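>>> What follows is a protein structure lacking sequence information:
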């Protein structure tokens with residue numbers, strides 16, 4: 001039974017910039033750079049027939065390329081931080097791409113995503129970090145910025161069932177088209 005999600009890949013130069021943020025937080029388990037991505041829609045563990053339906057439905061998405069810009073850092077879990085992430089600017093094009101995938105996957109019977117879409121790249125998982133430690137780490141590095149890039153495709157990733165995910169494998173890829181304007 002595959003565990004699936006859709007996402008955008010991070011180019012190597014941006015992955016290297018993110019990797020330079022590593023260190024300085026004792027309880028962090030840093031994500032391998034090849035696993036950096038922007039999750040658009042978590043699908044979860046599904047059977048092979050449903051996975052085929054998902055792949056076919058995603059093939060109906062016809063959208064233009066999406067400009068992606070990482071700017072700023074944050075943490076999920078205010079009292080008990082559990083992950084550190086780089087913020088992805090929520091452009092209309094990115095939000096529309098994610099919303100279309102949400103609609104299409106609900107149409108084939110998948111339950112709605114329970115969390116509000118917050119575009120980000122997870123760079124570390126935390127276990128036992130205090131809010132104070134994380135706030136201190138963020139205050140030093142929180143002005144992180146990276147050059148924007150154009151995402152010319154989104155992908156269907158699979159992952160093994162493990163804590164923290166990864167390695168992530170590209171199962172299918174779906175082109176985003178250059179703007180005709």
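In hand now; what should we look at? Given the structure is predicted, the values throughout are model-derived calculations rather than measurements.
>>> looking at it, residue 96 is touching residue 63, isn't it?
Yes: assessed by Cβ atoms under 8 Å, residue 96 is found in contact with residue 63 at 7.3 Å. Where you see a C-beta, it was placed from the backbone N, CA and C, and this is true even at glycine.
>>> hey, where'd the strands end up in this protein?
3-9, 28-30, 37-45, 66-68, 70-76, 83-88, 120-126, 149-151, 153-159, 168-175 (DSSP state E).
>>> Of all those, which one is nearest residue 55?
Comparing the strands of the chain by their distance to residue 55 (Cβ to Cβ), the top pick is strand 168-175, with 5.1 Å.
>>> Next, name the residue at the spatial heart of this protein.
With distances taken as Cα atoms, centre = their mean, the residue of the chain nearest its centroid is residue 38 (2.1 Å).
>>> can you give me the offset of stretch 144-162 from its chain's centre?
The chain centre lies 6 Å from the centre of stretch 144-162; the measure is Cα atoms, centre = their mean, to the nearest Å.
>>> Give me the mean pLDDT for that stretch.
For stretch 144-162, mean pLDDT is 91.
>>> wait, what's in contact with the residue nearest to the centre of the chain?
7, 8, 10, 68, 88, 119, 120, 121 (Cβ atoms under 8 Å, 6 or more residues apart in numbering).
>>> For it, which residues count as its bridge partners?
residue 8 (DSSP bridges).
>>> follow-up on the earlier one: save the strands of the chain as JSON lines, and put in distance to residue 107 too.
Listed next are the strands of the chain as JSON lines, based on distance: least, Cβ to Cβ, whole Å:
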{"stretch": "strand 3-9", "distance to residue 107": "15"}
{"stretch": "strand 28-30", "distance to residue 107": "37"}
{"stretch": "strand 37-45", "distance to residue 107": "13"}
{"stretch": "strand 66-68", "distance to residue 107": "22"}
{"stretch": "strand 70-76", "distance to residue 107": "29"}
{"stretch": "strand 83-88", "distance to residue 107": "26"}
{"stretch": "strand 120-126", "distance to residue 107": "26"}
{"stretch": "strand 149-151", "distance to residue 107": "23"}
{"stretch": "strand 153-159", "distance to residue 107": "16"}
{"stretch": "strand 168-175", "distance to residue 107": "16"}
